[in-house]
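K.L.:
All I have is the shape, not the residue letters:
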């Protein structure tokens with residue numbers, strides 16, 4: 001019997017696989033592609049299913065635990081299902097950060113916590129037309145979080161100049177934001 005993928009079937013399979021009891025080994029799961037489902041993640045981090053926001057934070061966190069990126073495509077995977085979803089920008093949003101002993105600790109809208117550094121770099125893309133920056137921090141398995149505006153402004157406040165760049169330091173790493181000469 002062929003089961004059409006749905007949010008419910010993904011939720012059930014993820015729970016059976018023990019998602020929520022530590023990071024699932026999504027990188028080890030390679031089931032056959034089952035097709036796409038009408039699920040997307042908006043730029044602001046809101047998850048939608050069939051055009052309706054998913055209002056249960058626990059369900060969003062469950063799905064966030066089984067997201068996988070291959071090239072430019074995003075999938076929700078379990079040991080038995082792999083379905084395509086749409087991500088407008090990044091699958092997560094970094095909603096805050098705090099300076100800690102080892103660097104800048106970011107928290108996402110789905111409660112991932114990472115300290116920016118070599119394994120979790122910060123990068124800034126600039127819109128080629130407007131020049132507007134879009135900052136990101138790598139969260140896990142080639143999945144990034146868009147750093148929200150208020151957090152980015154806070155980063156700029158603690159920024160410094162280094163080797164011709166204005167940027168931020170986290171731990172032993174320096175992350176460039178904009179060439180220093182563009183600030184003059």
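P.N.:
Structure's in. What do you need? Source: prediction; values computed, not measured.
K.L.:
quick one, helices of the chain?
P.N.:
Using DSSP state H, the helices assigned to the chain run over residues 7-16, 57-64, 149-157.
K.L.:
hey, least reliable of the ones you listed by pLDDT?
P.N.:
Here the helices of the chain differ in mean pLDDT, and the lowest is helix 7-16 at a mean of 65.
K.L.:
Bridged to the nearest residue to residue 100 once chain neighbours are set aside, which residues?
P.N.:
Sequence neighbours aside, residue 115 is the residue nearest to residue 100 in space, at 6.5 Å (criterion: Cβ to Cβ, 6 or more residues apart in numbering). Every residue, glycine included, has its C-beta placed from N, CA and C. Here residue 115 sits in beta bridges with residue 105, going by DSSP bridges.
K.L.:
And residue 115, how close does it get to residue 108?
P.N.:
Residue 115 sits 13 Å away from residue 108, going by Cβ to Cβ, to the nearest Å.
K.L.:
low-confidence ranges in this protein?
P.N.:
Within the chain, the stretches with pLDDT under 70 are 1-7, 9-22, 184.
K.L.:
Now with 80, please.
P.N.:
1-23, 184 (pLDDT under 80).
K.L.:
how about stretch 42-51: buried residues?
P.N.:
Within stretch 42-51, the residues that qualify as buried are 45, 47, 49, counting by 16 or more other Cβ atoms under 10 Å.
K.L.:
wait, the second one sits on residue 55?
P.N.:
No. With contacts defined as Cβ atoms under 8 Å, residue 47 does not count as touching residue 55, sitting 9.5 Å away.
K.L.:
what about residue 115 and residue 108, which has more around it?
P.N.:
Shown here are residue 115 and residue 108; by other Cβ atoms under 10 Å, residue 108 has more neighbours (26 against 18).
K.L.:
And for residue 104, the neighbour number?
P.N.:
Residue 104: 26 neighbours (other Cβ under 10 Å).
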